[in-house]
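**Student:** my questions concern the predicted model and sequence given below.
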Protein chains: 2
Amino acid sequence: MLRTHTNGELRISDKGKKVTLTGWVQKNRKMGGMTFVDLRDRYGITQLVFNQEINADLCEKANHLGREYVLQIEGEVSERSNKNPNIPTGEIEIIVSAVNILNESAVPPFTIEDDTDGGDDIRMQYRYLDLRRNSVRANLELRHKMAFETRRYLDSLGFLEVETPVLIKSTPEGARDFVVPSRMNQGQFYALPQSPQTFKQLLMVSGFDRYFQIVKCFRDEDLRADRQPEFTQIDCEMAFVEQEDILQTFEGLTKHLFKTVKNIDLQPFPRMSFDDAMKYYGSDKPDTRFDMRFVELMDTLKGYGFAVFDEAEYIGGICVKGAASYTRKQIDALTDYVKRPQIGAKGLVYARIESDGNVKSSVDKFYSQDVLQKLKDKCGAEAGDLILIISGDNTVKAQKQLCELRLEMGNQLGLRDKNMYSCLWVVDFPLLEWDDDTQRYYAMHHPFTSPKPEDISLLQTDPSKVRANAYDMVINGVEVGGGSIRIHDSGLQKQMFQILGFSDEQAERQFGFLMNAFKYGAPPHGGIAYGLDRFVSLFAGLDSIRDCIAFPKNNQGRDVMIDAPSIIDNTQLDELALSVVKE
Amino acid sequence: MLRTHTNGELRISDKGKKVTLTGWVQKNRKMGGMTFVDLRDRYGITQLVFNQEINADLCEKANHLGREYVLQIEGEVSERSNKNPNIPTGEIEIIVSAVNILNESAVPPFTIEDDTDGGDDIRMQYRYLDLRRNSVRANLELRHKMAFETRRYLDSLGFLEVETPVLIKSTPEGARDFVVPSRMNQGQFYALPQSPQTFKQLLMVSGFDRYFQIVKCFRDEDLRADRQPEFTQIDCEMAFVEQEDILQTFEGLTKHLFKTVKNIDLQPFPRMSFDDAMKYYGSDKPDTRFDMRFVELMDTLKGYGFAVFDEAEYIGGICVKGAASYTRKQIDALTDYVKRPQIGAKGLVYARIESDGNVKSSVDKFYSQDVLQKLKDKCGAEAGDLILIISGDNTVKAQKQLCELRLEMGNQLGLRDKNMYSCLWVVDFPLLEWDDDTQRYYAMHHPFTSPKPEDISLLQTDPSKVRANAYDMVINGVEVGGGSIRIHDSGLQKQMFQILGFSDEQAERQFGFLMNAFKYGAPPHGGIAYGLDRFVSLFAGLDSIRDCIAFPKNNQGRDVMIDAPSIIDNTQLDELALSVVKE
């Protein structure tokens, strides 16, 4: 090694040692006859000292070291007169005897500091410099640790990591595939996997019993703020299990990660049905760091001549503790918030519980104090609380609007602390979703999800009522993982494809290998997949998944650093027997 | 769990326990009033017993259980009267009290046994059944263990696993890229990485210092027997190192794997220069499990009127210990072997050392016993040995032919034992290879490999003489890993691209981001990459990498199980603005 120690390693107990260090020039400052250089590497910062009087030449050299120069220095560990308690090496400095410039550096386009002056675009273009920043590097160290501890935990339970292929077959169901033209089989294409779903099920048929893989997956979607065309899953599957086994095993994994990475002991995860999640939080991934549950108010507020409510299909409220002091202006801002097109509420009704217990509402002229007191009781409100009410002619939509309002109130009141973690399982999802546009059912999870055995008879009569053996792990309102018990019977799988509108030929062409495999002794099985990017973001307290990915793509799916995608040579196209269609 | 124990778990000490087991019917045999069923899972086999007299109905049910049926059974652990010492559960059996058929099975198209009756094609088509065979599953368990121990070792040394992108940019240098059309950027393409080379170097520029990744890579090559279009690398890089640091670190990794996976303690790896490897073994990946080094015989055998030798550019021999007993027929077969078009030698000369020390050769008429005794001495041959000699008008070609002969002799004499491991480092590779067809130099490793500092001046004057700081790890004649110290100076990198025939524009377009990164303080760095598939094959003693890959592709790059690649919908092509060119 070109160094004897890292820049995070030396302590006062090393005083007097001759050392060789390497790293980057973080800062260079001249004070009187002394020059101080902060030398940085992945492990920390160590202060170097040069004294004009002792070695003028060397000091002169030090004065010309620019930011981000790469150095190898020799020197002696010395006690600082002016100690810095904020860094682990703050009690020592190095009296430098030799400097070897390993590489020079142009002036970087932004400062390599936690609070950099670089904007998003320039940081992405020079991502290799952005990654030098402690805050960004720490996210990737966290990611390494989470992946490593995931493997350690699953290995200890007898799970085998098996690599499944990346060049597979395109299946139009689900999101859009990225495809890869085949040169050896012209006119034919591989697809990149959206998940290893069918392969992990085949591994269960193969008797692998406990499988996992930390694996790249791909979706060619129109990117929203927090999506990437390539993303990473912790993909898991078990055979000879029931839903409860999966929940226990992966609650265990999550607890292991919180314990080993953040030293947090989690309580057992509560379970909540999908129906309750929608009813009380208007979301299948409720943020349960704070309560503020929905209270359904149809019986309480209908029939008093307030047309908005009288005609509503849904009326629901939340009781915001201690928020009676919200001003008219603040409430107007909330009203504007829920009326934004992204949320789409028609309006917002409030009722303030005054210190004497009286209720003052924005719709006083329709409701007597008597009715308003019933509202107060129903919501469990007390003096000083604020009730916020949303209604609508579509229950699901109105609940989603109320959900957004609830989350915003959580933000405003500081109830969504990034250092608090509230975990739960959402269970009993519907198996199918009806789509009005295409007039057909879609699988809520995917076509391989098993209906609950007691609901199978409903598949013929009332498919929308069928519940699935499916579950999501939700932490702080983020779905970090989800999965299901799978169908392992080829007849039931065939029936599912029929309900989903597949012709027998389509089902055979796309999933024939799986249905065929089910004929040779498929065991009961199920699994789960975590989104690693999102899981790491949650641990890191990040708002976006981008900063826990070393080389992310932007919202147009581009890597601006390497400039990809890009045009390719015509010879490459010719070999693939492809031509680009010009508009 | 649907079971209380696995089928590999129960012992005589569990006698009397009530247990629930799950698994597949391996065998079902009726003997008198008893029926015996072998129940198999990933962990082993447990014998189930049904007694006609005790429970006639259950026994009748057992008689109808077909091969590969999936069962859940309840019963009691009992001592066998007829013990089987060959399996860990051989002392016990289960007296079954209840059978639950979890799934039936059609008769599988081949037997699920170590020695299956299934041919290669059918096993690939039904790979999910092939994977049930112990021998195949064991390879994937080994693969899991090797990957896990690699991670554990590197993590303990402070390496961070960082995921680099899969959707990158096409670079015509090197092998052919697989490309991925972009829908959002029509007419543009991503490429799948042949290796994360440039990204790991950027991570060094970023100060990550110690990186690794176990990662899928892709090459669109015409497949030879032992290549796959997607393969897995253990990819590693370190900063602030010299070649010696890399060799020590990764010799350590290899020793760790041999110790933890096979309980083998390896000796320090010898180092051999590329020149010596070619001179003594005719190969840059010599199999050093056996000696039989080449002896160069130009001085010894030239000038005696044997035209073949007199006109040769190279004459070399190997001394095969104890092979003087080879018959004329056997030697004729060897001659035919080296004359096969794949090897291409013109012929084979032999010299047998008889028991009295006299030498008898196939070219006796040109050489006196005196000269033949000199040959004997030069080769270190003794009574009972056989000297085999090959010559040619091209040194490299003749050495390669002699190499093939040497390996064949190793095979014939049983010197290439799969349970013996001989490791070495081949070092001091040439930096460049001249290609006569295209009249230009190619990088022997890749364009980022650093020349040895003392040879840099030769880049201008005699590029073919420049040696690289490059190294391969060779085990039993297999190159399991290779790497180099990289160029970290943007000027030197630019010079390399020039030597390799890149115009400035090409270099800028393809690798501008890397050369730009080098301007901002790139540290000295280097690394190595192992081919995981080959490494696992070596540990497993397999002849092909295919059987340590869960779902391999065939020699046409096809996955015959899922039938990929395949045609895609025209709507998918339209969205990508592509059309397939018909011939």
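**Tutor:** Sure, I can see it. Because the structure is predicted, anything quoted here is derived from the model rather than measured. Numbers count the residues shown, from 1 in each chain, chains lettered A, B, ... in the order given.

**Student:** show the model's pLDDT score for residue A:453.
**Tutor:** Looking at residue A:453, its pLDDT is 93.

**Student:** which stretches of the stretch 301-450 of chain A have low pLDDT?
**Tutor:** Judged by pLDDT under 70, the stretch 301-450 of chain A has no weakly predicted residues.

**Student:** can you name the residue of it nearest to chain B?
**Tutor:** Distances between the stretch 301-450 of chain A and chain B by Cβ to the nearest Cβ are smallest at residue A:450, namely 13.3 Å. (Each C-beta comes from the backbone N, C-alpha and C, glycine too.)

**Student:** so who does that residue touch?
**Tutor:** A:468-469, A:484-488, A:492, A:526 (Cβ atoms under 8 Å, 6 or more residues apart in numbering or on different chains).

**Student:** the residues you listed also near chain B: which ones?
**Tutor:** residue A:488 (Cβ under 8 Å from any Cβ of the partner chain).

**Student:** report the buried members of the contacts of residue A:450.
**Tutor:** Buried subset of these (neighbour count, 16 or more other Cβ atoms under 10 Å in any protein chain shown): A:468-469, A:484-488, A:526.

**Student:** so residue A:497 sits right up against residue A:447, yeah?
**Tutor:** Yes. Between residue A:497 and residue A:447 there is a contact at 6.4 Å, judged by Cβ atoms under 8 Å.

**Student:** quick one: mean pLDDT for the longest helix along chain A?
**Tutor:** Longest helix of chain A, by residue count under DSSP state H: helix A:134-156. Mean pLDDT, helix A:134-156: 97.

**Student:** what residues sit buried inside that helix?
**Tutor:** Applying 16+ other Cβ under 10 Å to helix A:134-156 flags A:134, A:136-137, A:139-151, A:153-155 as buried.

**Student:** and the next helix or strand after it, what does it pack against?
**Tutor:** Sequence order places strand A:160-161 as the next helix or strand after helix A:134-156, per DSSP states H and E. Counting contacts by 3 or more Cβ pairs under 8 Å, 6 or more residues apart in numbering or on different chains; DSSP states H and E, strand A:160-161 packs against helix A:134-156, strand A:210-218, helix B:134-156.

**Student:** and the last one, C-alpha only, in PDB?
**Tutor:** Right, the one you point to is helix B:134-156. What follows is helix B:134-156 as a C-alpha-only set of coordinates in PDB (Å, rounded to 0.1, in the frame of the first residue of the first chain):
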ATOM      1  CA  ASN B 134     -28.600 -33.700  -6.100                       C
ATOM      2  CA  SER B 135     -25.500 -33.300  -8.300                       C
ATOM      3  CA  VAL B 136     -26.900 -30.200 -10.000                       C
ATOM      4  CA  ARG B 137     -28.300 -28.700  -6.800                       C
ATOM      5  CA  ALA B 138     -24.900 -29.200  -5.100                       C
ATOM      6  CA  ASN B 139     -23.200 -27.100  -7.700                       C
ATOM      7  CA  LEU B 140     -25.500 -24.200  -7.000                       C
ATOM      8  CA  GLU B 141     -25.100 -24.600  -3.200                       C
ATOM      9  CA  LEU B 142     -21.400 -24.400  -3.800                       C
ATOM     10  CA  ARG B 143     -21.900 -21.300  -5.900                       C
ATOM     11  CA  HIS B 144     -23.900 -19.700  -3.100                       C
ATOM     12  CA  LYS B 145     -21.200 -20.500  -0.600                       C
ATOM     13  CA  MET B 146     -18.400 -19.200  -2.800                       C
ATOM     14  CA  ALA B 147     -20.200 -15.900  -3.400                       C
ATOM     15  CA  PHE B 148     -21.100 -15.600   0.200                       C
ATOM     16  CA  GLU B 149     -17.600 -16.300   1.500                       C
ATOM     17  CA  THR B 150     -16.100 -13.900  -1.100                       C
ATOM     18  CA  ARG B 151     -18.400 -11.100   0.300                       C
ATOM     19  CA  ARG B 152     -17.500 -12.000   3.800                       C
ATOM     20  CA  TYR B 153     -13.800 -11.900   3.200                       C
ATOM     21  CA  LEU B 154     -13.900  -8.700   1.200                       C
ATOM     22  CA  ASP B 155     -16.200  -7.000   3.700                       C
ATOM     23  CA  SER B 156     -13.800  -7.900   6.500                       C
END
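
**Student:** list the helices and strands it packs on?
**Tutor:** Checking 3+ Cβ pairs under 8 Å, 6+ apart, helix B:134-156 ends up next to helix A:134-156, strand A:160-161, strand B:160-161, strand B:210-218, strand B:230-239, helix B:243-262, helix B:532-540.

**Student:** dump those into a markdown table; add distance to residue B:473 as well.
**Tutor:** Shown next, in a markdown table, are the helices and strands packed on helix B:134-156 (distance: least, Cβ to Cβ, whole Å):
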| stretch | distance to residue B:473 |
| --- | --- |
| helix A:134-156 | 24 |
| strand A:160-161 | 23 |
| strand B:160-161 | 20 |
| strand B:210-218 | 15 |
| strand B:230-239 | 11 |
| helix B:243-262 | 7 |
| helix B:532-540 | 10 |
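
**Student:** nearest to residue B:350, of the ones you listed?
**Tutor:** helix B:532-540 (32.6 Å; Cβ to Cβ).

**Student:** tell me the mean pLDDT for the closest one?
**Tutor:** 97.

**Student:** what sits up against the helix or strand following that helix?
**Tutor:** Sequence order places helix B:570-575 as the next helix or strand after helix B:532-540, per DSSP H and E. Helix B:570-575 has contacts (Cβ under 8 Å, 6+ apart) with A:170, A:172, A:176-177, A:179, A:581, B:183, B:579-580.

**Student:** how about stretch A:427-437?
**Tutor:** Residues contacting stretch A:427-437 (Cβ under 8 Å, 6+ apart): A:243, A:247, A:271-275, A:284, A:440-445, A:449, A:451-452, A:455, A:463-468, A:470-472, A:499.

**Student:** in it, what counts as buried?
**Tutor:** A:427-432.

**Student:** stretch A:355-366 too?
**Tutor:** Counting neighbours by 16+ other Cβ under 10 Å, stretch A:355-366 gives A:359, A:361, A:363, A:366 as buried.

**Student:** low-confidence ranges, the stretch 101-250 of chain A, go.
**Tutor:** In the stretch 101-250 of chain A (pLDDT under 70), the answer is A:173, A:225.

**Student:** mind running it again at 90?
**Tutor:** A:118, A:170-175, A:221-227 (pLDDT under 90).

**Student:** just to revisit the earlier point, who touches both of residue A:497 and residue A:447?
**Tutor:** With Cβ under 8 Å, 6+ apart, residue A:497 and residue A:447 have common neighbours residue A:511.

**Student:** picking up where we left off before, out of the buried residues of stretch A:355-366, which are close to chain B?
**Tutor:** Okay, of the buried residues of stretch A:355-366, nothing touches chain B (Cβ under 8 Å from any Cβ).

**Student:** tell me which of the residues you listed is nearest to residue A:103?
**Tutor:** Nearest member of these to residue A:103, counting by Cβ to Cβ, is residue A:361, at 69.5 Å.

**Student:** and the helix or strand residue A:276 falls within, average pLDDT?
**Tutor:** Assigned by DSSP H and E, residue A:276 belongs to helix A:274-281. Averaged across helix A:274-281, the pLDDT comes to 97.

**Student:** now for it, which elements pack on it?
**Tutor:** helix A:395-412, strand A:423-427.

**Student:** note down every partner strand of the last one and its orientation.
**Tutor:** So the one you mean is strand A:423-427. According to DSSP bridges, strand A:423-427 forms sheet pairs with strand A:271-273 (parallel), strand A:470-475 (antiparallel).
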